[in-house]
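Student: My questions concern the predicted model and sequence given below.
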Amino acid sequence: MPRILVARNFTPQSNVEGAGQPAFRATNPQGHTLAISPVKPGIVRVVHELPRDRYPQKLNGSIQWEKVPDGVKVETKGDITTIVTSSISIQANLSKSSSPQLSWFTPFSPTPAVPIFRDSPSRAYSFDAQTGGVVHFTERENYLPVSEDEYTKEGSEPFLNDRRNEFVYGLGETSGGLEKSGRCYTMEGRDALSYDWEKGNPLYKVCPFYTVYNKETKQWVGIYYNSLADSKIDLGAENDVLFGCFRSYRSTTGPLDYYLITGDGTLPSVVTAYASLVSHPSPSSPLQIQASSTLPPLSQFGYLSSSLSLAAEPKAQEAIIEFLKRCRTEGFPVDGLYLSSGWCQDEQTGDRNYFSWNLSRYPSPSEFGVTIEQDLQVQVIVNIKPFILHTHPFLQSAEDVGAFVKAAPDAVKDGDPMRTSEKGSARTLVWSSGFGDHKIGSYIDYSSKAGSAWWQSQIVNQLLSHNLTGMWIDNNEMAGLFDDDELFAGEVVPSQWGGGETRVGNVGKASNTLEMARSTYEVLLRERRDDRPVVVSRSGVPGIQKYAHATWSGDNSTTWKALKWGTKMTLSVGMSFGPGLYGHDIGGFAGTHHPSPELLVRWCQNGAWHSRFTVHSWKEISTTLWMYNESNPEVTEILRDVLQFRYRLAPSFYSLYVSEYQRKGWPVLRPLLWYHSEDPFTLKMDEEALFGSHTLVASVTTKGDVTRTVYLPAVVNGGSKADQGLWWCEMDTGRWTHSRGEFFTFDAPLDRTPVLIRSGGILVLGGDCTDNIYDGTKERTVLVFPSPSRESEEEGIFTLIEDDGKTNDHTKSDEYTELLLSFRTDPTAPEIVEVDYKVVHLSKTFKVGYEVIWWKLPVGDRRELRVKEGSWLEAVEGVGDREGQIGIKVDRF
């Protein structure tokens, strides 16, 4: 039984200055330590450390403190210690009779004397005296209802009230809506096949980071709990009149280690600051963050095909090659193939034996790889998992070198054959072949030199040697590591816990998720150093994007609900700095039924705006984009158009990824509140998304709907006044709507998704693609959306990034070209729209594939496009299909 006690009676310690020390430290007679230390502008770290001689800890060594920035001031008067930085002031109340209580203030708030965040009184820093678990309680606003309509309001408008001001977001890939108040989440990974989108918990990933927005002060604040140990985050599900209004974080192991993040008070700054903590850019990088030391290849933004049943065909090698050829024959370009686990399935048992080829299905893996990757120019992304069954033909080779997680000491002592091998490797239950199927197996320990080396050797010998270059690390939630007393070696990357052997429970089984991604990424870089590594991970933790650029929402179901709720999850992942390539299994993975023509079309329309586009299924007959050719050929034609438009969006996708995700931590798809949170109607809107800054995508996600009601915000954060309103243009028709914060209904027949561009927006399109995404690199068309109102000056800008899309020259040698595209209107010349570009960075070796950048106004806009007056740029008048457009030559680079 737990023994939850309150840590109290702290006394400030003097002489803590110096390298490797926090700005402030206090201790109590029981051996607890509370330390507070600013890390950088807008970020402060707090650690509550339990006595090491009594309780297990995450770290084998001491806390590694960041350097305290210059100018930090610490002052103690009585029970109150104040720590002041340029952007945050922390007031620590160290009353002897109570737990410490920290209050946080920022000068950016319109009420700087009111804390933007505060610990709960009395018990903020508590612990489990039985196990060494830690608890953190923080205040939240009064949850008692403020209106009889608060929980029952119907219709599209969210409930708003002047006394309801706090809104909570984040925690990555979790169930429910975008706003998380009142929920409790378990931070442990599970193989959560066909989960409940509203209430399922836990799911695949662990992300103990969330943000809180106060609509009264318009301030954002984030909190990141720096631990992968099993934990729970309660955002208001628990009510207790004894303690009032609180949120809580509970972890099975200490120390309590968290970062409070204010940035400059805006959501983008908070997300960027959080990303800077978990991205660890190289010291030579001039960027505030660098999501990864490499970029994904351009091909990862194309159509990535997949099917579980296709990989298990009796003649799968032949069937897959024919499938890819048919994709193109049917008019669908394709860039990737996810090779499901049928490639290594035992014919007799059905078990998956990773790295052991089924040569009946795949008689020549090398020929398979050459045909697909070299001849067809489609990258194969192979399914591999972190465990080995105890019937696996390669088991002994891994056992002999000590590649596995070590068994708990009591299992070794007892000689329990279900928990330990003769050599001391941990045995547990792992997935074997189908739904609910499991057998005895062992997990690779990626923190051990032997485990990491064995894993990498299998990738080299069984995959890379056969010209198969992408890695799909699957089932890597490590959910079968049930015993916290099992042991990680801690030999390879000691930064997570200071190095050396440690209990799984001390650092969390999710630590192995991160190390698996690292080990996989490193071998790809080592063996193919000029090529961008492709690692796709089902599970995820903070920082995994350093190694795995892509992920997805796991094994969803073929239901309308999965489509509708998928966007909510996408936005939550984006607000939590998840991997930048994110999407869902289009058409649904689980369920014996196929998606109807309507569901398949609507899902593809929605997926076309996600940064990862994959059709994947676990069905007797695979879901394909041409599956309704005979019964409903118009559906196939709609899907061709949808995919072709997605391919034309590639320059915008890639540029947003590089300029905003890689450099700032911002997602490609964002909730409306990202730019419009000062309009409170947007705070719970999560079925629409912004592609970049100006493009509002209103996917149809309800069966039978042929119209879509959309809320169009009236104000941009820190910008226009609500009474002035905003202009929004329907992308395909050129019709403009002026909104002062209203709902509008737009036509949405099966072949249409309402997409509205806010005035000032720019979209960049590539050329048509036949085979793959590189077909479109020879053409660029810039769609500009100047306001139809000619009454004020307006400017639109977009950063266009161009590189070879394949090699690491961009990140290694700065071989890329960056252009700042812009347009401008002036009320003194209302019938003219000036266009321009500036070279921000010019590659020395890479040359773009086009000679002209074309500029185009919305449909029906008769204004004249002109190159900026006085510019050196050479203009070309459009003729034929480009009549009304203007081109700017780029032959100077």
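Tutor: On my side now, so go ahead. Numbering: from 1, shown residues only.

Student: Strands of the stretch 451-600 of the chain, start to end?
Tutor: For the stretch 451-600 of the chain, applying DSSP state E, counting those that start in this stretch gives strands covering 470-473, 487-488, 502-503, 534-537, 550-552, 581-583, 585-586.

Student: So Arg3 sits against Asp128, correct?
Tutor: Yes - using C-beta atoms under 8 Å, Arg3 makes contact with Asp128 at a distance of 6.2 Å. Heads up, the C-betas are built off the backbone N, CA and C, glycines and all.

Student: a strand runs through Pro107, doesn't it?
Tutor: No - Pro107 sits outside any strand when classified using DSSP: H, G, I helix; E, B strand; the rest coil, being coil.

Student: Pull the number of nearby residues for it.
Tutor: The number of residues packed near Pro107 is 12, by other C-beta atoms under 10 Å.

Student: got a list of what it touches?
Tutor: Taking C-beta atoms under 8 Å, 6 or more residues apart in numbering, we find Pro107 in contact with Ser87.

Student: Which pLDDT value goes with it?
Tutor: In this model, Pro107 is scored at 88, pLDDT.

Student: likewise the one 5 residues further on?
Tutor: Taken from the predicted model, the pLDDT recorded for Pro112 is 86.

Student: ok so it is a helix residue?
Tutor: No - according to three-state DSSP, Pro112 belongs to no helix; its state is coil.

Student: Just give me the neighbour total for the nearest residue to it once chain neighbours are set aside.
Tutor: Excluding its sequence neighbours, the residue lying closest to Pro112 (C-beta to C-beta, 6 or more residues apart in numbering) is Phe105, at 6.0 Å. Phe105 is flanked by 21 other residues according to other C-beta under 10 Å.

Student: Run a quick check on Phe105 versus Thr111, I expect a contact.
Tutor: No - counting by C-beta under 8 Å, Phe105 does not reach Thr111; the two are 9.4 Å apart.

Student: And the contacts of the lowest-mean-pLDDT helix or strand in the chain?
Tutor: Using mean pLDDT, DSSP states H and E, the weakest-scoring helix or strand in the chain turns out to be strand 875-877, at a mean of 88. Under the criterion C-beta under 8 Å, 6+ apart, residues 852, 866-867, 886-889 lie in contact with strand 875-877.

Student: ok, now stretch 330-338?
Tutor: Applying C-beta under 8 Å, 6+ apart, the contact partners of stretch 330-338 are 299-306, 320, 324, 327-328, 372, 378-381, 383, 470, 472, 536, 614, 616, 625-626, 629, 636, 639-640, 643-644, 647, 769-773, 775.

Student: do the same with stretch 593-606
Tutor: So stretch 593-606 is in contact with 558, 560, 563, 566-567, 584, 586-588, 615, 617, 619, 621, 623, 625, 627-628, 631-632, 635, 638-639, 642-643, 699-701, 703-704, 750-751, 753, going by C-beta under 8 Å, 6+ apart.

Student: Narrow these to those that are buried.
Tutor: 558, 560, 563, 566-567, 584, 586-588, 615, 617, 619, 623, 625, 627-628, 632, 635, 638-639, 642-643, 699-701, 750, 753 (16 or more other C-beta atoms under 10 Å).

Student: Could you pull out the buried residues of stretch 353-368?
Tutor: Here stretch 353-368 shows 353-358, 361-362, 365, 368 as buried, counting by 16+ other C-beta under 10 Å.

Student: Next step: those restricted to helices.
Tutor: 365, 368 (DSSP state H).

Student: So how do I select the buried members of the contacts of strand 875-877 in PyMOL?
Tutor: A single PyMOL command suffices to select whichever of these are buried according to 16+ other C-beta under 10 Å:
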select buried, resi 852+866+867+886+887+888
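
Student: Looking at the contacts of strand 875-877, which is nearest Gln288?
Tutor: In terms of C-beta to C-beta, no member of the contacts of strand 875-877 lies closer to Gln288 than Ile888, at 31.2 Å.

Student: Which of the helices or strands spans the closest one?
Tutor: strand 886-889 (DSSP states H and E).

Student: That strand pairs with which strands?
Tutor: strand 852-856 (antiparallel), strand 875-877 (antiparallel) (DSSP bridges).

Student: who's in contact with it?
Tutor: In contact with strand 886-889 (C-beta under 8 Å, 6+ apart) are residues 835, 837, 851-855, 865-867, 873-878.

Student: circling back to that earlier point, which members of the buried residues of stretch 353-368 are positioned in strands?
Tutor: Secondary structure defined by DSSP state E assigns none of the buried residues of stretch 353-368 to strands.

Student: how about the helices in the stretch 401-550 of the chain?
Tutor: Secondary structure of the stretch 401-550 of the chain (DSSP state H, counting those that start in this stretch): helices at 409-414, 449-462, 504-507, 510-527.

Student: I'd like to know how many residues surround the nearest residue to Thr27 once chain neighbours are set aside.
Tutor: Once flanking residues are discounted, Thr27 sits nearest to Thr33: 5.2 Å by C-beta to C-beta, 6+ apart. Thr33 sits with 20 neighbouring residues when counted by other C-beta under 10 Å.

Student: which residues touch Thr33?
Tutor: 25-27, 47-49.

Student: Check Asp768 too.
Tutor: 644, 647-648, 775-776.

Student: Counting neighbours, which of these comes out on top?
Tutor: Tyr647 (27 neighbours).

Student: that older thread, pick out whichever of the contacts of Thr33 sits closest to Ala517.
Tutor: Scanning these for proximity to Ala517, where the rule is C-beta to C-beta, the winner is Val47, at 26.2 Å.

Student: How about the contacts made by the closest one?
Tutor: Here Val47 is in contact with 22, 33-35, 63, 255-258 (C-beta under 8 Å, 6+ apart).

Student: Can you list which of these are found in strands?
Tutor: 33-35, 256-258.

Student: Partner strands of the helix or strand hosting Val47 and their direction?
Tutor: Secondary structure from DSSP H and E places Val47 in strand 43-49. Counting by DSSP bridges, the strands paired with strand 43-49 are strand 33-40 (antiparallel), strand 256-261 (antiparallel).

Student: Just the mean pLDDT for the longest one, thanks.
Tutor: For strand 33-40, the mean per-residue pLDDT is 96.

Student: where are the low-confidence patches of the stretch 601-750 of the chain?
Tutor: The model of the stretch 601-750 of the chain has pLDDT under 70 over residues 720-722.

Student: Just want the most central residue of the chain.
Tutor: By C-alpha atoms, centre = their mean, the chain has its centre lying nearest to Gly578, at 1.9 Å.

Student: and that residue, what does it touch?
Tutor: Neighbours of Gly578 in contact, by C-beta under 8 Å, 6+ apart: 172-173, 205, 207, 540, 545, 551, 667.

Student: ok, now with 7 Å
Tutor: By C-beta atoms under 7 Å, 6 or more residues apart in numbering, the contact list for Gly578 reads 172-173, 540, 551.

Student: for Asp531, same thing?
Tutor: 806-807.

Student: Give me the pLDDT for it.
Tutor: Reported pLDDT for Asp531: 98.

Student: which residues in the stretch 301-450 of the chain form strands?
Tutor: Going by DSSP E, counting those that start in this stretch, the stretch 301-450 of the chain shows strands at 303-306, 336-339, 379-384, 387-389, 428-431, 438-443.

Student: Tell me where the model's unsure across the stretch 51-200 of the chain.
Tutor: 155.

Student: what secondary structure does Tyr185 sit in?
Tutor: Per three-state DSSP, Tyr185 ends up strand.

Student: in stretch 673-682, what counts as buried?
Tutor: For stretch 673-682, by 16+ other C-beta under 10 Å, it's 673-682.

Student: Using CSV, list the CA coordinates for that stretch.
Tutor: The C-alpha coordinates for stretch 673-682 follow below in CSV (Å, rounded to 0.1, in the frame of the first residue of the first chain):
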residue,chain,number,x,y,z
LEU,A,673,-5.9,28.6,-31.7
TRP,A,674,-2.3,28.6,-32.8
TYR,A,675,-2.9,32.0,-34.4
HIS,A,676,-6.3,32.8,-33.2
SER,A,677,-6.5,32.0,-29.5
GLU,A,678,-7.5,35.6,-28.7
ASP,A,679,-10.8,34.6,-30.3
PRO,A,680,-12.1,32.3,-27.6
PHE,A,681,-14.4,30.4,-30.0
THR,A,682,-11.2,28.7,-31.4
